[in-house]
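Student: coords below, sequence missing:
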């Protein structure tokens, strides 16, 4: 879709990094002026992952994922745009917040608007006007949590759409084909995600099925055409196995044998206690190769992200910043803040005095509270924007701390400020 | 609130127009970086109205309203921000669309967040982060349409809040004081707006009351302190009289005797047939002074605005662009377009190929339709933004046509394109 410029191209002279360019012939003619098109650093090299720096005092590391639509600095947070839009925010705002990649969902897009529309639009990037990298989740989790009357077999999943009740049957191969048509940069195979608690017998079945589907997915992607080192989609694998260490170990080891471009830890944050989750993540990471990105799916709160980075996780996604934003809960350097609360009625400070986002630079807590009290859409827009900015800024600070070998100090300082008792008392969840 | 810069100030050298500057002492300290603060041309001269050019072939004219917070080119359209926000849009976006003034509502702001909050914020401009001109409607219309158990007497209005049922009694003097505290640039007196049809007896009572209240409002504003020619709020009067020509004439003539800074025609678009409305507007204008701005309240559709400009109206406000935007109806140079309609499923054109707004430059009809079908907030944001841009662009084109003595040609061309039968057939209201 987007062709990397040759390094000698004049437009590269403005900086030391390549820019992406939209191939006019593939883009609907009217959309010639896309403000974002020049803002993503192209993957000029081979798509894949490079470790840039390893922190001396922890397993945290700096990395770079190179995709056909741009590069991503890790550890990274991917704002979630399930239906092809990060809720309430524009692509321009995401870029301004520093987003380098967003996540979307193959299951949702397959149902609406459907693959024909996106194919005719020239792929998902064109359709949603986000020219940067996109990771698409397969929708395995959504099939299991949203779809009606689902029937899972080793062959694939049969389900009824949660929107119109229409019946669908998808093989893992279909799910890869869908993501190929979406033209996502990082694709996830279909997996079976179980809830907590789950019997060991069923967790074993789901884990083995997940592995088998990963293998079948890899076969399909290996036949992708045209495949060049420049535009290859990255296929990740997903470690399942519920809360059973032996299952997690088996799944991780066999995924490594299959060999994928990155390793996701799935089936966490599905109802299990936090310490159990921590142990499972830590345990699973031990069986994953150092030279591939590790992606902890669906997490989480700022403190969860920091803890997982310390264990060596590189990628995160979560609906929390936008979902909390729509409900009027803001993340700040001192903790969470519920904007509807009475103490903010005449509080003319910004959400976070340390924040440089548009919301904090322009509006007071009192005004934001007024917007929420009067059900004005601008309120949820502004708090969502702030929250996404907060998460992306957190990742920038994390990367900076790793680079300076000060991650542990950063973690201590962040958590100490973030847990500020007074602030949290009045803003309890 | 905002102090006009001295003409010799260095920051004026970038252009031929003065800029406004926010007086730091009155602004909450954190809000030092307001991206909009330098974008409004200050009213360096005496607040008021100047006719810039009179069209040769119609009553249409170009004018300039000078307020303490900036200048407004007329004919102008004021996006409506009833509760202190133009629904779904940010101040930054309004500025980008070319808005020079917005309208807000004293009744709504008095109830929520209440005057204490806005006073402590340093006025409405600071509270909502819109440093440009603001006209506040008194809320007379809202008292009569929204409030519960209202009781109108010559003294004032008693009503129960439509939000919490709390009882309030407001004199016309209170309504002016509220708008003084809001620090609005143009203030409207309390009036009694009647619906169509209305008996002549009641229309007479309401008209006389409106006149009496205007007189009392002028007395209060005349005692404003400090009053200088630079920061004086402009007080408008409202012509009522339902559909009775003699009542309209009497109201207009007596308002002129009272003497106000601008003349609004109220009580239109309250259920009367379109031709009756046209006649009443045209008739009322005949009794208003040429050298003051004329404001047609609450109208309307693009074609209504063009017709009224031809009659000599200078100012408009209407919720239509944002309300229709939230419902997925877009205004285009070819007419209205209902984005949810099936023909747009695979339509990768912008809403309007002739439009330069962010929505049209970045997104296709197919994507916007997808956003509405999936109830995504970005959809109503983008169509609201486009519609406000469309209205403001229409006003720019109207002003340009007046300047070139080509208003009649412009009107014919616009209406001929706008009425395009094929387009409208599939997008009927």
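Tutor: Arrived safely. Given the structure is predicted, the values throughout are model-derived calculations rather than measurements. Residues are numbered from 1 along each chain as shown, chains lettered A, B, ... in the order given.
Student: ok, and what's touching stretch A:320-329?
Tutor: For stretch A:320-329, contacts defined as CB atoms under 8 Å, 6 or more residues apart in numbering or on different chains pick out A:79-80, A:86-89, A:300-301, A:330-331, A:336-340, A:368, A:372, A:379-380, A:383-388, A:390-391. From N, CA and C alone the C-beta is placed, and that goes for glycine too.
Student: wait, I meant stretch A:400-418
Tutor: If you take CB under 8 Å, 6+ apart as the criterion, stretch A:400-418 is touched by A:53, A:55-58, A:60-62, A:75, A:302-303, A:306-307, A:309-310, A:333-335, A:394, A:397-398.
Student: In PyMOL, how would I select the buried members of the residues you listed?
Tutor: Burial among the contacts of stretch A:400-418 is assessed by 16 or more other CB atoms under 10 Å in any protein chain shown; the matching PyMOL selection reads:
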select buried, chain A and resi 55+58+60+61+62+75+302+306+307+309+310+333+334+335+394+397+398
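Student: what sits against the closest residue to chain B within the stretch 151-300 of chain A?
Tutor: Nearest residue of the stretch 151-300 of chain A to chain B: residue A:163, at 8.9 Å (CB to the nearest CB). Residue A:163 makes contact with A:111, A:112, according to CB under 8 Å, 6+ apart.
Student: how about it, secondary structure?
Tutor: Here residue A:163 is recorded as coil under DSSP: H, G, I helix; E, B strand; the rest coil.
Student: how close does it sit to residue B:204?
Tutor: Distance, residue A:163 to residue B:204, using CB to CB, to the nearest Å: 57 Å.
Student: Residue A:64 is in what secondary structure piece?
Tutor: Taking DSSP states H and E as the criterion, residue A:64 maps to strand A:61-67.
Student: can you check residue A:360 too?
Tutor: For residue A:360, the host element (DSSP H and E) is helix A:358-362.
Student: cool, and residue A:330?
Tutor: According to DSSP H and E, residue A:330 maps onto strand A:329-332.
Student: Residue A:108: what's it in contact with?
Tutor: Neighbour list for residue A:108: A:82, A:83, A:84, A:139, A:142, B:374 [criterion: CB under 8 Å, 6+ apart].
Student: swap that for residue A:385, please
Tutor: A:88, A:89, A:93, A:97, A:325, A:357, A:358, A:359.
Student: buried set for the helix or strand hosting it?
Tutor: Assigning secondary structure by DSSP H and E places residue A:385 in helix A:377-403. For helix A:377-403, a neighbour-count test (16+ other CB under 10 Å) marks A:377-395, A:397-399, A:401-402 as buried.
Student: and that helix, how far from the chain's centre?
Tutor: Its chain's C-alpha centre and that of helix A:377-403 lie 14 Å apart, by CA atoms, centre = their mean, to the nearest Å.
Student: how about residue A:151, phi and psi?
Tutor: When quoted as degrees, to the nearest 10, the phi and psi of residue A:151 stand at phi -140, psi 120.
Student: and the spatially closest residue to it that is not a sequence neighbour, what helix or strand is that in?
Tutor: Once flanking residues are discounted, residue A:151 sits nearest to residue A:158: 4.3 Å by CB to CB, 6 or more residues apart in numbering or on different chains. Here residue A:158, judged by DSSP H and E, is contained in strand A:157-160.
Student: helices or strands next to that strand in the packing?
Tutor: Under the contact criterion of 3 or more CB pairs under 8 Å, 6 or more residues apart in numbering or on different chains; DSSP states H and E, strand A:157-160 touches helix A:140-145, strand A:148-152, strand A:167-170.
Student: Quick one: those as TSV, columns for mean neighbour count too.
Tutor: Shown next, in TSV, are the helices and strands packed on strand A:157-160 (neighbours: other CB atoms under 10 Å in any protein chain shown):
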stretch	mean neighbour count
helix A:140-145	20
strand A:148-152	12
strand A:167-170	15
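Student: any idea how far the helix holding residue A:360 is from the chain center?
Tutor: 25 Å.
Student: For the helix or strand following that helix, give the mean pLDDT please.
Tutor: Once the chain leaves helix A:358-362, the next helix or strand it forms, by DSSP H and E, is helix A:365-373. For helix A:365-373, the mean pLDDT works out to 98.
Student: Can you give the distance of helix A:365-373 from its chain's centre?
Tutor: Chain-centre distance of helix A:365-373: 29 Å, with CA atoms, centre = their mean.
Student: quick check: angle from it to helix A:377-403?
Tutor: For helix A:365-373 against helix A:377-403, the angle by axes from the mean of the first three to the mean of the last three CA atoms, to 10 degrees is 130 degrees.
Student: Could you identify the helix or strand that succeeds the helix holding residue A:385?
Tutor: Per DSSP H and E, the first helix or strand lying C-terminal to helix A:377-403 is helix A:407-418.
Student: how about the strands in the stretch 51-200 of chain A?
Tutor: For the stretch 51-200 of chain A, applying DSSP state E, counting those that start in this stretch gives strands covering A:61-67, A:70-74, A:76-79, A:102-105, A:134-137, A:148-152, A:157-160, A:167-170, A:186-187.
Student: these two touch, right, the residue nearest to residue A:151 and residue A:171?
Tutor: No. Applying CB atoms under 8 Å as the test, residue A:158 and residue A:171 come out as separate, 10.4 Å apart.
Student: if I look at these two, which residues touch both of them?
Tutor: Here residue A:158 and residue A:171 share no contacting residue, scored by CB under 8 Å, 6+ apart.
Student: Up against chain B, what does the stretch 101-250 of chain A have?
Tutor: Within the stretch 101-250 of chain A, the residues that sit near chain B (CB under 8 Å from any CB of the partner chain) are A:108, A:112, A:113, A:116, A:117, A:120, A:121, A:127, A:128, A:129.
Student: Just the ones of the residues you listed in helices?
Tutor: Within those, residues falling in helices by DSSP state H are A:108, A:116, A:117, A:120, A:121, A:127, A:128.
Student: My guess is the fifth one contacts residue B:367. True?
Tutor: Yes. Residue A:121 is within contact range of residue B:367, at 7.4 Å (criterion: CB under 8 Å).
Student: The two: which is more packed in?
Tutor: residue B:367 (29 against 24; other CB atoms under 10 Å in any protein chain shown).
Student: For that one, which non-adjacent residue is closest in space?
Tutor: Nearest residue to residue B:367, sequence neighbours excluded (CB to CB, 6+ apart): residue A:127, at 5.7 Å.
Student: For that neighbour, grab the count of nearby residues.
Tutor: Residue A:127: 25 surrounding residues under other CB under 10 Å.
Student: quick revisit: any idea of the angle the helix holding residue A:385 forms with strand A:61-67?
Tutor: With the same axes, to 10 degrees applied, the angle from helix A:377-403 to strand A:61-67 works out at 120 degrees.
Student: Let me know the angle separating helix A:377-403 from helix A:407-418.
Tutor: Helix A:377-403 runs at 150 degrees relative to helix A:407-418, counting by the same axes, to 10 degrees.
Student: The closest residue to chain B within the stretch 201-350 of chain A: neighbour count?
Tutor: Here the residue of the stretch 201-350 of chain A nearest chain B is residue A:348; by CB to the nearest CB that distance is 3.9 Å. Neighbourhood size, residue A:348 [other CB under 10 Å]: 21.
Student: ditto for residue A:173
Tutor: Using other CB under 10 Å, residue A:173 has 17 neighbouring residues.
Student: so what's it closest to, chain neighbours aside?
Tutor: That would be residue A:220: by CB to CB, 6+ apart, it lies 4.9 Å from residue A:173.
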